[in-house]
Every structure is written in structure tokens, then in C-alpha cells.
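**Q** Curious how this folds, go ahead:
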Amino acid sequence: MNKFTALLGASSIVLLANILPGAMVAAVETAATDGAAERIRAHVHFLADDLLEGRVAGSRGYDIAANYVAAQFATAGLEPGAGDGGWLQPVQLVEGSAVIPAAQISLTRDGVSTELTVMDDFLPAPDTNATESTVTAAMVFVGFGVHAPALQHDDLAGLDLRGKIVVMLSGAPQRFTSSERAHYSSTLTKYPEFIRRGAVGVLGFLTPADNERNPWAKTVQASWRPRMRWLDAEGVAADSFPQLRVTMSLSPAGAARIFEGASQTLSEVFAAASASKAQGFDLPATASLRRQTLLGKRSSANVLGLVRGSDKRLASEIVVVTAHLDHLGRGAPIKGDAIYNGAMDNASGVAVMIEVARSLAAARTRPRRSVLFAAVTGEESGLLGSDYLARHPPLPGGRFVANINIDMPVMLTDIADLVAFGAEHTDLGPMAARAAKAEALTLTPDPTPEETFFVRSDQYSFIRQGIPAIYIDNGVGSLPRVPAVDNKALVEAFLRDKYHQPSDEIGVPIHYPSLARLARVNARIVSEAASRSQRPRWNADSFFRTAFPQPDPARGSP
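**A** Okay, here's the model as predicted:
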């Protein structure tokens with residue numbers, strides 16, 4: 001017996017022929033279970049198997065995963081949600097892979113030119129607009145590159161960026177709240193401001209704290225990964241910033257080379273950044289940058305299943321539940337393993353979402369609003385599928401009013417708490433607190449705000465469109481027990497040793513009963529958001545309410 005048939009359950013076997021095109025699948029009888037934990041385990045084991053080769057967007061393995069999720073949605077009783085009577089919303093992608101040996105940085109200072117060494121001093125970011133790009137220009141250091149006058153911080157004040165290469169630090173001021181810091185750390189926030197001021201290239205480098213969390217060796221290890229962007233109907237790549245002709249990352253050694261002879265030392269720069277001080281000044285060298293990229297096109301798809309709302313007036317208002325289906329595919333081998341399976345990231349989140357969909361579809365009373373379940377593509381390449389979905393609601397006349405996202409819940413033992421990213425910004429927060437309490441769980445603050453998780457997963461795509469969103473993740477609290485189990489240490493070890501590694505695979509000791517509890521928490525949030533009279537709203541004092549005004553379905557305006 002194939003190991004999948006032992007895990008999937010009888011309802012899944014019926015549709016397995018749709019998952020593996022061309023395969024001859026015999027009728028197999030297997031003992032089904034009503035347990036949510038075992039259903040979730042079955043989904044994870046299928047989605048994280050080597051057969052799917054890491055589920056990178058646009059690959060055969062991803063397509064198998066997409067057909068599997070569609071089969072699960074159908075079995076659960078959902079309607080096809082793509083708007084054309086199907087399950088799949090196609091997303092056209094352009095993919096760029098950097099030709100690393102061809103990348104160059106040459107510095108000219110006082111008439112003397114020196115070459116930096118690729119991989120030791122810098123790495124090119126892949127382009128998605130051109131196969132070869134060059135730029136020669138003066139450089140200007142812009143601190144964090146944050147223009148936030150409302151928060152009394154403006155690194156760009158008084159600087160002339162016209163025709164220059166911007167050199168910037170990672171992150172945002174530490175004195176910002178975690179949400180403000182997450183938003184202003186994003187290149188989606190920084191790059192448009194650089195372009196508006198006339199910049200032509202970017203060199204970025206990490207603060208010492210960020211470098212400690214993500215050392216240069218990890219950046220080099222990940223340099224094989226391509227960059228993708230989704231293409232609009234005219235073939236233009238979204239959020240690709242072609243005005244910034246070359247973008248590259250600097251190692252600590254490379255940053256030191258750039259700052260030679262500068263008016264301030266790197267130590268002074270880092271001290272000012274640590275103190276959240278705005279800073280910026282011209283650098284004494286001219287830089288010549290060159291990068292080459294191999295370009296190709298792919299097609300991938302979001303998998304969409306619908307539970308239609310029961311209230312004719314409210315059914316056009318859609319609560320969308322997302323979990324990214326893609327991972328990293330095949331890549332640089334580590335200990336002989338080249339398949340980046342993504343069991344925790346994010347087969348576990350997709351499995352939880354399927355369970356939420358099953359429970360909602362099976363409920364005796366349908367919610368008043370419609371609920372769209374979306375296994376989205378391209379998250380690992382920059383939130384691509386969710387961004388496309390947020391901008392292209394698939395149902396005629398329908399509009400999104402809330403997003404609940406599920407991404408990489410690191411459940412390695414019995415859980416004591418959850419983190420609700422975004423809870424302080426909308427009235428989804430109290431819903432999350434009530435849902436957690438019903439499962440005897442507490443909500444705790446973000447334990448690592450410096451990681452800026454709130455802009456690193458699919459909820460941010462909806463937030464950028466003014467749609468209230470929340471993302472429920474694992475906490476790091478530990479339950480009292482003998483012998484003691486340090487959940488925080490387990491989570492930190494996973495993030496250090498397995499996150500985005502081939503070792504994030506089926507052998508990871510996932511605690512499936514905790515994932516089942518998470519599914520119940522999310523189901524309660526979804527049900528309340530989709531059933532109450534008032535649609536979810538931003539809190540009056542929310543930073544994101546001002547940054548991204550929410551469209552009003554009644555007035556057609558924020």
C-alpha cells in the first residue's frame with residue numbers, strides 16, 4: 001500500500017485520481033477517523049512528501065499540491081471559488097535568477113578604482129525586468145531609508161537622491177511600535193519613496209542585530225533562490241521597481257568597504273541607528289554596479305473554495321481565509337538533501353485551513369457573509385498570490401471585508417498561548433481573544449517584534465488594500481508539566497536550524513493536537529466575523545487605518 005493511502009482517509013482516496021494526473025489509482029478501503037488532529041496530519045504528510053519536490057510556485061509539485069487542496073475543498077462540500085466555475089485562479093509570473101559570478105561592484109574614490117568581491121562583499125538581487133542592468137552613480141547613505149514625518153522620523157530630509165545610488169540599513173527605528181516598524185521596514189514602503197526622489201539603485205546592509213539573527217553565510221546559502229513577480233494583463237511585473245536599475249545586498253565586509261573615507265564611521269552609523277536617530281549623508285565614492293539575470297515565465301494558481309453566505313444582503317461581503325501553499329522547491333543541498341519540503345512552512349498552515357473549511361461547511365448554520373478559502377501561491381517569492389487575489393476578487397460583485405491568515409504555526413508541544421498579529425488594529429482582535437479563551441488559551445504580545453512578521457506573510461497583501469486582517473500564530477509559553485518542556489527553546493531551535501531548510505520535513509515532531517486547537521480557534525474567528533451584523537473594521541487609533549484607508553462598500557470610498 002502506498003503510504004499516502006494509509007494517511008489520507010477514505011474521502012480523499014476517492015479523488016486521488018484528480019491529484020495525480022495519469023496515475024492508475026486502485027480503489028482502497030481505509031479506516032477513516034473523525035479526529036481533526038489525524039486529518040491535519042494526513043494533509044501535512046501528503047503536502048510535505050518528496051513527491052511534491054518542495055511545492056515551488058509554477059512547478060509540477062505545486063500543481064499536484066493545488067489539485068490535492070481542490071479535492072479536499074470539494075470533499076468538504078465547498079463550491080469552486082475562482083469565479084469561472086473552477087477551483088483555480090491563474091497567476092502569471094515572471095521569474096528572475098541572478099547570474100552571481102557576473103555581478104560587479106566597482107568603487108572609484110579619488111581617481112582610484114577598486115573591485116568588491118561577489119559573495120564575500122556583496123550579492124545581487126535578481127531582476128524581473130531586464131536580463132542585464134548597469135548603473136554608475138554617486139552614493140548617498142540614507143540611514144534606515146524611512147520617511148515617516150508623522151512619527152517624527154525622516155532619514156531622507158535634506159538629502160538629494162536624484163540620479164544616485166541609495167545605501168540603506170535594514171529595518172526601521174526601534175522606538176516605533178512593532179506594527180509601525182514592520183510597515184516601515186518593508187521595501188514596498190521604502191522603494192517608492194526612493195523612486196519619487198529620483199534614486200537609480202540600492203545597496204542594502206544589515207544592522208548588527210539583524211546580522212546576528214541572519215548572518216551573511218545564510219544570505220549566501222539562500223542566494224540560489226529566484227525572485228518572482230506577478231504579471232498584469234499587459235505583461236508588467238507588479239512591485240518590481242524598474243526605476244531602481246540595480247539592487248544588491250552588502251555583507252558586513254562590503255559595507256565597511258563602502259564607508260571607507262566617509263564622514264562617519266560604521267560604528268557611529270550603527271550607534272545612531274540603535275538610538276533611533278534619523279541620519280543620512282553623501283558617501284565619497286562613485287559606484288559602478290552590474291548584474292545579470294536569467295528571466296523566464298511561469299504560471300501558478302491560487303486554489304479557491306467558497307462557503308456562500310446565507311444572507312442575501314451580506315453574501316457579497318467576503319471573509320477570506322488564506323494559507324500559502326508554496327515553499328522553496330529544490331535548492332542547494334544540505335547534508336545531501338536538496339528538497340525544501342516545507343512541512344511546518346506551510347503544509348501545516350494549509351492543513352489547518354482545510355480543517356477550518358471542513359468544519360465551516362459542515363456546520364448546521366451557514367455564516368451570513370460568504371467565506372473564501374484560499375491556498376495561495378508565491379508567498380515565498382514576495383506574497384505574490386495573495387497580492388494578486390487581494391487586487392482581483394474572483395466573485396462578480398463581491399468584495400473582501402476581512403482576512404484571516406494561517407502561516408507556519410510552529411507547534412512542537414502542547415501550547416499554552418497564541419500570538420494574534422494585528423489584534424490591536426481591528427475588531428478582529430476581540431474575536432481572536434474570545435476564540436482563544438474558548439480553547440483555554442491566552443493571547444500574548446508578539447515575542448519578536450524585531451522580526452517584523454506582520455509584513456512578511458499574506459495578511460499584509462490585504463492590509464495594503466485597506467482590508468482588516470489578523471494572523472494567529474503560536475506563542476512561546478510553556479505548560480507546567482513534569483518533566484518540563486521549554487516551548488520557547490523548541491521554537492527558537494526550529495527557526496534557527498530548520499526554517500527554510502530541507503530539514504523542515506515530515507520528520508519534524510509536529511504536535512498535531514495543537515494544530516487541531518488552532519483550527520478551532522480560527523474557525524471561531526471566521527464564523528463570528530462572517531456572521532455578525534457589522535463587517536470587521538479598523539480601530540479608530542490604528543496606524544494602518546490611516547496608512548491604508550478601508551473602502552466602504554456602501555459609499556464606495558474610504
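**Q** My guess is residue 522 contacts residue 406. True?
**A** Yes: using CB atoms under 8 Å, residue 522 is in contact with residue 406, at 6.3 Å. C-beta: built from backbone N, CA, C; applies to glycine.
**Q** Find residues that contact each of these two.
**A** When contacts are counted by CB atoms under 8 Å, 6 or more residues apart in numbering, residue 522 and residue 406 have 321, 352-353, 356, 472 as shared neighbours.
**Q** In strands, which of those residues appear?
**A** In this view, the shared contacts of residue 522 and residue 406 that belong to strands under DSSP state E are 321, 472.
**Q** out of the shared contacts of residue 522 and residue 406, who's nearest residue 190?
**A** When those are compared for distance to residue 190 (CB to CB), residue 472 wins out at 28.0 Å.
**Q** May I ask you to name the longest strand in this protein?
**A** Scanning the chain for the longest strand, with DSSP E as the assignment, gives strand 281-307.
**Q** same question for that one, mean pLDDT?
**A** Here strand 281-307 scores 97 as its mean pLDDT.
**Q** and that strand, which strands flank it?
**A** strand 79-80 (antiparallel), strand 88-98 (antiparallel), strand 104-109 (antiparallel), strand 132-141 (antiparallel), strand 370-376 (antiparallel) (DSSP bridges).
**Q** ok, and what's touching the helix or strand following the third one?
**A** Following the chain from strand 104-109 toward its C-terminal end, the next helix or strand by DSSP states H and E is strand 112-115. For strand 112-115, the surrounding residues in contact (CB under 8 Å, 6+ apart) are 104-107, 257.
**Q** ditto for stretch 148-155
**A** 142-147, 173, 176, 180, 184, 276, 278-280, 546.
**Q** out of those residues, who's nearest residue 199?
**A** Nearest member of the contacts of stretch 148-155 to residue 199, counting by CB to CB, is residue 142, at 8.7 Å.
**Q** Next, count neighbours for that closest one.
**A** 27 (other CB atoms under 10 Å).
**Q** pretty sure it is touching residue 165, no?
**A** No: contact criterion CB under 8 Å: residue 142 and residue 165 do not qualify, at 10.4 Å.
**Q** Could you give the backbone dihedrals for the residue nearest to residue 324 when sequence neighbours are not counted?
**A** Spatially, and ignoring its direct neighbours in sequence, residue 324 is nearest to residue 379 (3.3 Å; CB to CB, 6 or more residues apart in numbering). For residue 379, the backbone dihedrals (degrees, to the nearest 10) come out as phi -60, psi -40.
**Q** Which stretches in the stretch 1-150 of the chain count as helices?
**A** 3-8, 10-14, 16-19, 36-47, 60-76 (DSSP state H, counting those that start in this stretch).
**Q** next one: the stretch 151-300 of the chain
**A** With DSSP H, counting those that start in this stretch as the criterion, the stretch 151-300 of the chain has helices spanning 178-185, 187-196, 208-213, 216-221, 252-258, 266-274.
**Q** Nearest to residue 386 among those would be which one?
**A** Nearest to residue 386, of all the helices of the stretch 151-300 of the chain, is helix 187-196, at 13.0 Å by CB to CB.
**Q** Could you chop the protein up by domain?
**A** 1-32, 36-76+308-547, 96-295 (automatic domain parsing).
**Q** Tell me what the closest residue to residue 193 other than its chain neighbours is bridged to.
**A** Residue nearest to residue 193 in three dimensions, not counting chain neighbours: residue 147, with 4.8 Å by CB to CB, 6+ apart. Taking DSSP bridges as the rule, residue 147 bridges to residue 154.
**Q** Check whether residue 147 really touches residue 159, as I assumed.
**A** No: counting by CB under 8 Å, residue 159 is not a contact partner of residue 147; they are 10.2 Å apart.
**Q** Ends of stretch 408-416, what's the gap?
**A** End-to-end distance for stretch 408-416, by CA to CA, to the nearest Å: 17 Å.
**Q** buried residues in it?
**A** 408-413, 415-416 (16 or more other CB atoms under 10 Å).
**Q** likewise stretch 183-190?
**A** 183-190.
**Q** which stretches of the stretch 301-450 of the chain have low pLDDT?
**A** Across the stretch 301-450 of the chain, the ranges flagged by pLDDT under 70 are 450.
**Q** Let's see that with 90 instead.
**A** 332, 364, 395-397, 422, 445-450 (pLDDT under 90).
**Q** How far away from the center of its chain is the longest helix along the chain?
**A** With secondary structure taken from DSSP state H, the chain has its longest helix at helix 512-531. Here helix 512-531 is found 21 Å from its chain centre; the criterion is CA atoms, centre = their mean, to the nearest Å.
**Q** Toward the C-terminus from that helix, list the very next helix or strand.
**A** helix 543-547.
**Q** For that next one, give the mean pLDDT please.
**A** Mean predicted lDDT for helix 543-547 stands at 88.
**Q** Next, the buried residues of it.
**A** For helix 543-547, by 16+ other CB under 10 Å, it's 543-545, 547.
**Q** Give me the neighbour count for residue 212.
**A** Other residues lying near residue 212 total 9 when counted by other CB under 10 Å.
**Q** I'd like the distance between it and residue 112.
**A** 33 Å (CB to CB, to the nearest Å).
**Q** again, but for residue 504
**A** In terms of CB to CB, residue 504 sits 47 Å off from residue 112.
**Q** When the two are compared, which one has more neighbours?
**A** residue 504 (26 against 8).
**Q** Now for the closest residue to the more buried one other than its chain neighbours, how many residues are close by?
**A** Excluding its sequence neighbours, the residue lying closest to residue 504 (CB to CB, 6+ apart) is residue 498, at 4.6 Å. Neighbourhood size, residue 498 [other CB under 10 Å]: 18.
**Q** Could you list which residues are in contact with residue 498?
**A** Residue 498 sits next to 344, 504, 508 when contact means CB under 8 Å, 6+ apart.
**Q** Which single one of those is nearest to residue 467?
**A** Closest approach to residue 467 among the contacts of residue 498 (CB to CB): residue 344, at 26.6 Å.
**Q** is it true that residue 56 touches residue 62?
**A** Yes: between residue 56 and residue 62 there is a contact under CB under 8 Å: 6.1 Å.
**Q** what touches both of those two?
**A** Joint contacts of residue 56 and residue 62 (CB under 8 Å, 6+ apart) are residue 326.
**Q** Who has more neighbours out of the two?
**A** residue 56 (28 against 24).
**Q** Is residue 39 in contact with residue 355, as I believe?
**A** Yes: between residue 39 and residue 355 a contact is recorded at 6.0 Å, counting by CB under 8 Å.
**Q** From residue 382, how far off is the residue nearest the centre of the chain?
**A** Of all residues in the chain, the one closest to the mean position by CA atoms, centre = their mean is residue 457, 2.8 Å from it. Separation of residue 457 from residue 382 (CB to CB): 11 Å.
**Q** do residue 272 as well
**A** 30 Å.
**Q** So these two - more neighbours on which side?
**A** Using other CB under 10 Å as the criterion, residue 272 and residue 382 rank with residue 382 on top: 21 against 15.
**Q** List the contacts of the more buried one.
**A** Contacts for residue 382 (CB under 8 Å, 6+ apart) come out as 227-229, 239.
**Q** just those now: which is nearest residue 216?
**A** residue 227 (19.0 Å).
**Q** Pull the number of nearby residues for that closest one.
**A** Residue 227 - counted by other CB under 10 Å - has 19 other residues nearby.
**Q** cool, and residue 105?
**A** 25.
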